[in-house]
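**Student:** Need coordinates for the following:
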Amino acid sequence: MRRAMDCVMNVAEGAVRAGKTVDNVFVFAACLENSPDRIHLATGATIANAKLNIGDCNGLGLERLFAGRCRWGRFRDNECLFVQTRVGERVVIFAGGRNSDAYKRIRGNSYGMWIATEINNHHDSFIKEAFNRQLAAQNRKVFWDLNPSAPGAPIYRDYLDRYAADPGENFYNYGHFTIRDNPVITEERLAEILAQYDGNSVWYRRDILGQRCAAEGLIYRIFADDRAAFTISAGAIPPLRHINIGVDFGGNRSKTTFVAVGFPVQGGIAALADHAIAGDKGEIDPGRIHREFLQFCRTVRKLVPGVGIRYVFCDSEAQYLISGLRRALTGEEMQVRDCAKRPILDRITFVLGLMNSGRFRITDACPRLAEGLAQAVWMEGEDRRKDDFTSDIDVLDAFEYAVERYMGKV
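**Tutor:** Got it, this is the predicted structure:
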């Protein structure tokens with residue numbers, strides 16, 4: 001943090017919950033207090049992510065640090081935080097950088113400092129545009145944080161590894177974090193966190209040790225090695241709060257798939273049933289989808305009598321099919337919504353966490369999902385799963401759509 005006061009490029013990389021973002025926010029705020037530049041940039045994968053991790057930051061964000069002298073507002077149609085500093089009003093514009101066209105939102109302004117959380121989830125076009133927007137800065141500074149990715153990830157190849165090879169004087173400031181670097185986490189809390197991980201997994205090395213490493217082989221090895229440990233009969237389904245259904249519509253060589261997921265009163269999730277309809281892209285019969293979906297709902301209700309189906313989360317890329325399904329369900333209590341399409345890596349991490357902590361269950365009415373989980377593998381050397389029809393990705397997508405909006409709550 002002291003070095004960051006003098007350096008241009010400041011990168012905090014390492015374990016989750018290690019304090020990376022907090023450190024960056026503190027230094028950014030200290031520099032903002034006397035910055036000669038009026039406009040600055042704060043980004044995340046999405047604008048919501050930026051506001052949560054930088055603006056709020058668990059009560060340690062810019063809102064708190066400038067309490068009583070800041071206010072949220074808009075600047076040239078961008079959401080921003082107006083801050084009264086020792087040298088006058090400063091504007092911190094908040095933006096999301098994940099999408100390929102996100103860079104368009106930050107054009108037109110010159111920025112002094114740029115703070116970004118989860119920079120590895122920003123699109124490269126956005127990163128390049130943000131750098132370009134800082135060319136006229138009087139006191140240019142960049143603050144990035146990220147959790148580790150595969151060693152060959154673009155963020156390393158194109159930026160961090162190049163900076164490390166030639167750091168220059170007062171240019172590149174790099175800090176590596178492990179979870180034990182966070183003094184707020186007690187030994188008891190650390191034990192709870194560690195219990196969620198397989199000590200031999202890539203996730204333990206990344207999230208706890210903060211190491212860069214490539215995912216390889218089976219994704220859900222813990223499930224593949226012992227499916228019986230996670231499988232329950234229909235009669236053993238725990239009391240549920242409600243049920244969601246995820247829908248993935250068929251495309252080239254893929255199938256339209258439904259997966260029902262229950263949310264037990266005691267926590268975790270329970271995969272209840274799945275179903276698939278064969279159909280090629282452009283040849284899916286909406287009427288058949290509606291009929292088989294309604295039959296699937298009847299099957300789920302028989303499986304868990306008295307528990308309501310709350311939401312149907314559908315693949316957002318097929319709006320005409322979603323509209324038709326919504327009409328077909330007129331009069332039903334369930335609501336049809338677009339899926340969140342959260343990053344696949346986040347979805348995988350979430351499910352693995354549930355499996356490792358004993359909070360994932362699946363019934364024998366989910367044969368396709370069980371097979372999909374057992375066979376899912378990583379793309380060699382990359383942080384994405386293989387999608388070449390050697391395993392059932394459609395059923396995994398439908399399953400994840402049903403739960404992704406509840407990942408924080410679960």
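
**Student:** excluding its backbone neighbours, what's nearest the residue of the chain most remote from its centre?
**Tutor:** Note on the chain: the largest C-alpha distance from the chain mean falls to V87, namely 37.1 Å (Cα atoms, centre = their mean). Leaving out its chain neighbours, the residue that sits closest to V87 by Cβ to Cβ, 6 or more residues apart in numbering is N34, at 5.7 Å. Placement of C-beta: from N, CA and C, glycine included.

**Student:** buried set for stretch 211-228?
**Tutor:** Q211, R212, C213, A214, A215, L218, I219, Y220, R221, I222, F223, A224 (16 or more other Cβ atoms under 10 Å).

**Student:** Kindly indicate which of those residues lies nearest N24.
**Tutor:** R212 (19.2 Å; Cβ to Cβ).

**Student:** So what does that closest one look like in phi/psi?
**Tutor:** Here the main-chain torsion angles of R212 (degrees, to the nearest 10) amount to phi -80, psi 130.

**Student:** Look up how far F143 lies from it.
**Tutor:** 20 Å (Cβ to Cβ, to the nearest Å).

**Student:** Could you confirm A29 falls within a strand?
**Tutor:** No. Read with DSSP: H, G, I helix; E, B strand; the rest coil, A29 is helix and lies in no strand.

**Student:** Can you check the pLDDT for the closest residue to it other than its chain neighbours?
**Tutor:** Spatial nearest neighbour of A29, excluding adjacent residues (Cβ to Cβ, 6+ apart): L65 at 4.5 Å. For L65, the pLDDT comes out at 97.

**Student:** centre of the chain versus stretch 285-298, how much separation?
**Tutor:** Distance, stretch centre to chain centre, for stretch 285-298: 31 Å (Cα atoms, centre = their mean, to the nearest Å).

**Student:** who touches that stretch?
**Tutor:** 245, 247, 249, 256, 258, 260, 273, 275, 277, 279, 309, 320-321, 324-325, 328-329, 332, 334 (Cβ atoms under 8 Å, 6 or more residues apart in numbering).

**Student:** Which of those fall within helices?
**Tutor:** In this view, these that belong to helices under DSSP state H are Y320, L321, G324, L325, A328.

**Student:** For R253, report the pLDDT, please.
**Tutor:** 61.

**Student:** And for W114?
**Tutor:** Value listed for W114 in the pLDDT field: 98.

**Student:** Tell me how far it lies from A136.
**Tutor:** Distance from W114 to A136, by Cβ to Cβ: 13 Å.

**Student:** Over to stretch 402-410 now: how far is its first residue from its last?
**Tutor:** 12 Å (Cα to Cα, to the nearest Å).

**Student:** Tally up the residues packed near the residue nearest to V87, please.
**Tutor:** 11 (other Cβ atoms under 10 Å).

**Student:** cool, D181 as well?
**Tutor:** 17.

**Student:** For it, give me its contacts.
**Tutor:** D181 neighbours (Cβ under 8 Å, 6+ apart): G14, A15, A18, G19.

**Student:** So which of these sit within strands?
**Tutor:** Per DSSP state E, strands hold the following members of the contacts of D181: G14.

**Student:** how about the contacts of D181 in TSV, adding neighbour count, distance to L194 and pLDDT?
**Tutor:** Shown next, in TSV, are the contacts of D181 (neighbours: other Cβ atoms under 10 Å; distance: Cβ to Cβ, whole Å; pLDDT from 0 to 100):
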residue	neighbour count	distance to L194	pLDDT
G14	24	16	95
A15	25	11	94
A18	25	14	94
G19	21	17	94
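
**Student:** Distance-wise, check R105 relative to S125.
**Tutor:** 12 Å.

**Student:** Which residues are in contact with G97?
**Tutor:** By Cβ under 8 Å, 6+ apart, the neighbours of G97 are T43, G44, A45, Y103, A116, N121, H122, H123, F126, I127, A130.

**Student:** Am I right that the first one is in contact with H122?
**Tutor:** Yes. Under the contact definition of Cβ atoms under 8 Å, T43 touches H122, with a separation of 6.8 Å.

**Student:** Point out the ones among the contacts of G97 that are inside strands.
**Tutor:** Going by DSSP E, the strands hold T43, G44, A116 from the contacts of G97.

**Student:** and the last one, what does it touch?
**Tutor:** Just to be clear, that refers to A116. So A116 contacts A42, T43, G44, G97, H122, A130, V142, F143, W144, D145 (Cβ under 8 Å, 6+ apart).

**Student:** quick one, helices of the stretch 301-410 of the chain?
**Tutor:** Assigned by DSSP state H, counting those that start in this stretch, the stretch 301-410 of the chain shows helices spanning 319-328, 344-356, 367-375, 393-403.
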